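Engineer: let me see the structure of the following:
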Amino acid sequence: MLFPRFLQFLFISVSLISAFKFIQISSVSKNIQPIGNNNNNNNNNVIRPSTQSSALKLALSTSIQKRLLWLPNIILNLFKFTKRSLSGQVLRDGIAKFYDESSQIWLDVWGEHMHHGYYEPKNPTSDHKQAQIEMIDRAVDWAYGKDLATANPTSTVDVGCGVGGSSRHIVKRFNMKEGRGLSLSPFQIKKANEFTNAAGLSDRVQYLVDDALNMPFSNGKFDLSKFLK
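Structural biologist: Numbers count the residues shown, from 1 in each chain. Next up, the predicted model:
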């Protein structure tokens, strides 16, 4: 695999560089010759070249050893980042951050229904909120098709629910017993639950911060699932 090979390359490169630096230090220390002893000089504070060389060698060797000690942490962090990338966590975090930072703009522009509306070509409405509700209803009608007249769903899940406008409308339209909504954005879920409490639907409709690709529900739990952008 590419990643393990990259780690091998990184480890070998750092090891070779460290060894090369150590050889350089050893070579420098050998080439520096101490000056002759001067018995008439009793100043013990004078640092001779041999002492300087040893101190330099020790300091640089310690520096290299410290750098080598960083290597396991570097590899571990790379592994963690790659693992999160392969699991999709980096992507999920990015999506959540985007909607956390931008959803207030969508609320200001679109309101609680965070999607486009349906406008009848021959007689388009000027009420944009009603056009958004019309979009939800037409999508549901199309999904049921000829079975719409006898449809009696009692539960729904809103995948990528935004602030929950669509799912609240669907629950009220069919007088459902249960509604759930999922979003990666904590901001959206907070707002969704606030709107739901204000609408008096919190006993039937709840919203969760969760992943649509790994939903915490059993198969067949809901009669109607909705995803609308």
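
Engineer: and the protein, what are its domains?
Structural biologist: 2-31+48-87, 88-229 (automatic domain parsing).

Engineer: going by mean pLDDT, which of the ones you listed comes out lowest?
Structural biologist: Comparing mean pLDDT over the domains of the chain, the weakest stretch is domain 2-31+48-87, at a mean of 55.

Engineer: quickly note the distance from A143 to L208.
Structural biologist: From A143 over to L208 the distance is 23 Å, taken as Cβ to Cβ, to the nearest Å. (C-beta placed from N, C-alpha, C; glycine too.)

Engineer: tell me which of these two has more neighbours.
Structural biologist: Neighbours per residue, other Cβ atoms under 10 Å: of A143 and L208, the larger number sits with L208, 16 against 13.

Engineer: ranges for the strands of the protein?
Structural biologist: 155-159, 178-183, 205-209, 224-226 (DSSP state E).

Engineer: next, format those as CSV and append distance to E101.
Structural biologist: Putting these into CSV (distance: least, Cβ to Cβ, whole Å) gives the following:
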stretch, distance to E101
strand 155-159, 21
strand 178-183, 14
strand 205-209, 16
strand 224-226, 25
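
Engineer: now, of the ones you listed, which is deepest in the fold?
Structural biologist: Highest mean neighbour count of the strands of the chain: strand 178-183, a mean of 25 (counted as mean count of other Cβ atoms under 10 Å).

Engineer: tell me how many other residues surround E120.
Structural biologist: The number of residues near E120, taken as other Cβ under 10 Å, comes to 9.

Engineer: now N193: how far from I170?
Structural biologist: N193 is 17 Å from I170, by Cβ to Cβ.

Engineer: who has more neighbours, those two?
Structural biologist: More crowded of N193 and I170, by other Cβ under 10 Å: I170, with 21 against 18.

Engineer: rewinding a little: now for the strands of the chain, which one comes closest to G117?
Structural biologist: Among the strands of the chain, the nearest to G117 by Cβ to Cβ is strand 224-226 (15.9 Å).

Engineer: for the nearest residue to A143 once chain neighbours are set aside, which residues make a bridge with it?
Structural biologist: Spatially, and ignoring its direct neighbours in sequence, A143 is nearest to L224 (7.7 Å; Cβ to Cβ, 6 or more residues apart in numbering). Beta-bridge partners for L224, by DSSP bridges, are T156.
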